[in-house]
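Chemist: what shape does this take:
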Amino acid sequence: MSINPDATIMDEPTRAAQVDKPVSSHTAAASLSAAEKSTRLNSPTVIDIENVDFHYGANKALHGIHFPIREKLVTAFIGPSGCGKSTLLRCLNRMNDLIDGTRVSAGSIKISGVDIYHPSVDVIELRKRVGMVFQKSNPFPKSVYENVVYGLRLQGVNDKVRLDEAVERSLRGAALWEEVRDRLHTSALGLSGGQQQRLCIARAIAVEPEIILMDEPCSALDPIATVKVEELIHQLKQNYTIVIVTHNMQQAGRCSDITAFFYMGRLIEIDATEKIFTNPSQKQTEDYISGRFG
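Modeler: Numbers count the residues shown, from 1 in each chain. The predicted structure follows:
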């Protein structure tokens, strides 16, 4: 997918005629030159989704999905409920394997050139590389410290110095260290909802993944906590490739670099977020983001 960074430039009459839509607030991105935008938005491909069909039993949920996901960018999946965006997200680290009767029935998903559905792929290793943050924060009924090191302990890491370093690094990476540094050995369940979600992000990055998947990570949070998580997403993309599912159009506009719009299990359009929200190529996309349906 080649993205034209100039595609969003419109004259004033055209801009005035646009339906009122949420617009990306990337002030840093807005200051980039067209050449810089083009280079950034066409960064190396990390995930190749190639003509993927997916079934829940006899029900076909995804139809010929085909597009790349770029390195160290935030890619947002948007679309009405039931359109397949969370299904596709879970395909990226094979979480759907946990549901009986599901299968990728055609196509392939490759990460760094490796087909993740090939029988030789170790799913546990895959999920180390591709972390997941769920819609509802799900800290374990353990201390903050033990939540962060949980994945490392599963890997057999028990060296206290290494674990201590991982806890501080991960909590700093999740913008939570200053808030919980004196509460590391108290229950994670005593944290606020927003803190719990950032703790889950810290737990995901503790095992040093390459990719972080987020399934509506702010849907259960209040506006203040949502702002903190969105700011965190901007920081994390310096080091990680992030894919986020959201129903919140404003959030997609604020957080993502690339936006993919899905409808009834099909990819309708994918492009730079700025273009999707100001001048989409497909009328169906415009109708959705302007609130005409969905």
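Chemist: from residue 224, how far off is residue 213?
Modeler: 24 Å (CB to CB, to the nearest Å). Yep, even glycine has a C-beta here, placed from its N, CA and C like the rest.
Chemist: name the residue in the two with the higher neighbour count.
Modeler: residue 213 (26 against 9; other CB atoms under 10 Å).
Chemist: the more buried one pairs with what?
Modeler: residue 132, residue 243 (DSSP bridges).
Chemist: ok, it touching residue 93?
Modeler: Yes. Between residue 213 and residue 93 a contact is recorded at 6.3 Å, counting by CB atoms under 8 Å.
Chemist: give me the common contacts of these two.
Modeler: 130-132 (CB atoms under 8 Å, 6 or more residues apart in numbering).
Chemist: make JSON lines out of the residues you listed and add distance to residue 279.
Modeler: JSON lines is the format used below for the shared contacts of residue 213 and residue 93 (distance: CB to CB, whole Å):
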{"residue": "130", "distance to residue 279": "32"}
{"residue": "131", "distance to residue 279": "34"}
{"residue": "132", "distance to residue 279": "33"}
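Chemist: just the buried members of those?
Modeler: For the shared contacts of residue 213 and residue 93, a burial check counting by 16 or more other CB atoms under 10 Å picks out 130-132.
Chemist: what is the nearest of these to residue 275?
Modeler: Among these, residue 130 lies closest to residue 275 (CB to CB), at 27.2 Å.
Chemist: quick check: that closest one touching residue 211?
Modeler: Yes. Counting by CB under 8 Å, residue 211 is a contact partner of residue 130 at 4.6 Å.
Chemist: what touches both of those two?
Modeler: Here residue 130 and residue 211 have 92-93, 111 as joint contacts, going by CB under 8 Å, 6+ apart.
Chemist: inside strands: which ones of those residues?
Modeler: Within these, residues falling in strands by DSSP state E are residue 111.
Chemist: okay, the residue lying closest to residue 141 once chain neighbours are set aside: pLDDT?
Modeler: Excluding its sequence neighbours, the residue lying closest to residue 141 (CB to CB, 6 or more residues apart in numbering) is residue 189, at 6.0 Å. On pLDDT, residue 189 comes in at 96.
Chemist: so which residues of the chain form strands?
Modeler: With strands called from DSSP E, the chain shows them at 45-56, 59-70, 74-78, 102-111, 114-115, 130-133, 211-215, 241-245, 258-263, 266-272.
Chemist: can I get the third one as PDB, trimmed to CA atoms?
Modeler: Which is strand 74-78. This file holds the C-alpha atoms of strand 74-78, laid out as PDB (Å, rounded to 0.1, in the frame of the first residue of the first chain):
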ATOM      1  CA  VAL A  74      -0.400   3.000  14.900                       C
ATOM      2  CA  THR A  75      -2.900   1.300  12.700                       C
ATOM      3  CA  ALA A  76      -6.600   1.600  13.700                       C
ATOM      4  CA  PHE A  77      -9.400  -0.700  12.700                       C
ATOM      5  CA  ILE A  78     -12.800   1.000  12.600                       C
END
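Chemist: coming back round to it: make a markdown table from the strands of the chain and add mean pLDDT and distance to residue 179 to it.
Modeler: Conversion of the strands of the chain to a markdown table gives the following (pLDDT from 0 to 100; distance: least, CB to CB, whole Å):
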| stretch | mean pLDDT | distance to residue 179 |
| --- | --- | --- |
| strand 45-56 | 96 | 31 |
| strand 59-70 | 96 | 31 |
| strand 74-78 | 97 | 24 |
| strand 102-111 | 95 | 33 |
| strand 114-115 | 96 | 38 |
| strand 130-133 | 92 | 18 |
| strand 211-215 | 95 | 20 |
| strand 241-245 | 96 | 22 |
| strand 258-263 | 97 | 31 |
| strand 266-272 | 96 | 34 |
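Chemist: could I get these as CSV with distance to residue 122?
Modeler: Listed next are the strands of the chain as CSV, based on distance: least, CB to CB, whole Å:
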stretch, distance to residue 122
strand 45-56, 18
strand 59-70, 21
strand 74-78, 25
strand 102-111, 13
strand 114-115, 11
strand 130-133, 12
strand 211-215, 16
strand 241-245, 20
strand 258-263, 28
strand 266-272, 29
